[in-house]
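Provided below are the primary sequence and the corresponding predicted coordinates.
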Amino acid sequence: IRLKAKRNVLFSKDEKYFVYVIANSTYAADVFSELATKDDLVTLTQSDERLHLTGTSAHVENVPTHFLMDGAAFLKAGAEPASAEPVVLNNGNEKVNTELKVNLRRAAAKVVIRLSRGGKVEFNRNGHEGYYVRNLPFVTNVITPLASYTQLRTPDKTTGEYFNWNDDVIEVVTYVYAHSWEGESFYEDGTSLVVNIPVTYEGVVYENSYYQIAMSKDSKFERNHHYTVIGTINAPGAEEESVPVEIDNLEYAVYDWNVVNVDVNGE
């Protein structure tokens, strides 16, 4: 991404600057141009009330289509530092370009919940199926913060079209912002998936069968991480949404989202 103005016009010679790159923010460009200090940028937050449905719905309003991403730029010839460092943008040599590199990382975390059918139940699609994320973290800092900031909300239940559903495995893919409830009340601050999966159990059809799944083993979500939760359903859940049955014996995995190199000036 090339600047249109010359370096010696924009930047003082040999002075160091922090360079932040932000992609897919919902803010207009003039919001960033009005930021007077680095602290103003550090404290800027973005709200995405339907973050959990990112990229899944064209007919529901305010569903994000792209992920907020950010990164601190560094000299292309060097390695990425552990934390943001200022760089010299005008070294006085106009014959050699100052080239920077940035690794953009998603502000969101991805959570995949995969529930298998045990030998004692059958899954039934009857139009009642759906899920919601309880205590969804939907607010985040625009750039990677020193400490996570978030707010929580519980969106309306989705319909069955948002499942990856077959006779043996049901998968929900959802997204959250960074959040920690370590040492806090799970009911008040913990994030979980409440899902309605109608089942047949011992010949009895359960039109509604609600389960609650803890989405993080360590009571936190980190930016740009991918969480996988695996469990088995072998008994009916609660028939009332307000008292879902907790699924235990879950398996958890956590890892960074994949890194992809993109040349923005190429193809």
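Ah, there it is.

can you list the weak-confidence ranges in the chain?
Along the chain, the model assigns pLDDT under 70 to residues 58, 146-149, 265-267.

please, where are all the helices along the stretch 151-267 of the chain?
Here the stretch 151-267 of the chain has its helices, by DSSP state H, counting those that start in this stretch, at 186-189.

got the buried residues for stretch 127-143?
Going by neighbour count (16 or more other Cβ atoms under 10 Å), the buried part of stretch 127-143 is 128-143. In this view, the C-beta of every residue, glycine as well, is placed from N, C-alpha and C.

right, I mislabeled it, should have said stretch 250-263
In stretch 250-263, residues buried by neighbour count (16+ other Cβ under 10 Å) are 250, 254.

can you get me the start-to-end distance on that stretch?
For stretch 250-263, the first-to-last residue distance is 40 Å (Cα to Cα, to the nearest Å).

ok now it, how far from the chain's centre?
12 Å (Cα atoms, centre = their mean, to the nearest Å).

kindly report the same for stretch 215-225.
10 Å.

so what sits opposite the residue positioned nearest the centre of the chain in the bridge?
Closest to where the C-alpha atoms of the chain average out (Cα atoms, centre = their mean) is residue 108, at 2.1 Å. Listed by DSSP bridges, the beta-bridge partners for residue 108 are residue 177.

about what we covered before: closest to residue 119 out of the buried residues of stretch 127-143?
Minimum distance to residue 119 across the buried residues of stretch 127-143 is 20.7 Å, recorded for residue 129 (Cβ to Cβ).

if I look at that closest one, how far off is residue 156?
With distances taken as Cβ to Cβ, to the nearest Å, residue 129 is found 15 Å from residue 156.

coming back round to it: the residue nearest to the centre of the chain reaches residue 54, doesn't it?
Yes: with contact defined as Cβ atoms under 8 Å, residue 108 reaches residue 54; the gap is 7.0 Å.

what's the overlap in contacts for these two?
67, 175 (Cβ atoms under 8 Å, 6 or more residues apart in numbering).

can you pull the contacts of residue 144?
Residue 144 sits next to 70, 105, 107, 223 when contact means Cβ under 8 Å, 6+ apart.

so the last one sits against residue 104, correct?
No: with contact defined as Cβ under 8 Å, residue 223 does not count as touching residue 104 (11.5 Å).

which phi and psi does residue 141 have?
phi -70, psi 140 (degrees, to the nearest 10).

that one bridge partners, please.
Going by DSSP bridges, residue 141 forms beta bridges with residue 45.

do the same with residue 122
With DSSP bridges as the rule, residue 122 is bridged to residue 200.

quick one, what contacts it?
With Cβ under 8 Å, 6+ apart, residue 122 has these contacts: 167, 199, 200.

pretty sure the first one sits against residue 125.
Think residue 167. No: contact criterion Cβ under 8 Å: residue 167 and residue 125 do not qualify, at 9.6 Å.

which one of these two has more residues nearby?
residue 125 (13 against 10; other Cβ atoms under 10 Å).

so that one, which state does it fall into?
Secondary structure assignment for residue 125 (DSSP: H, G, I helix; E, B strand; the rest coil): coil.
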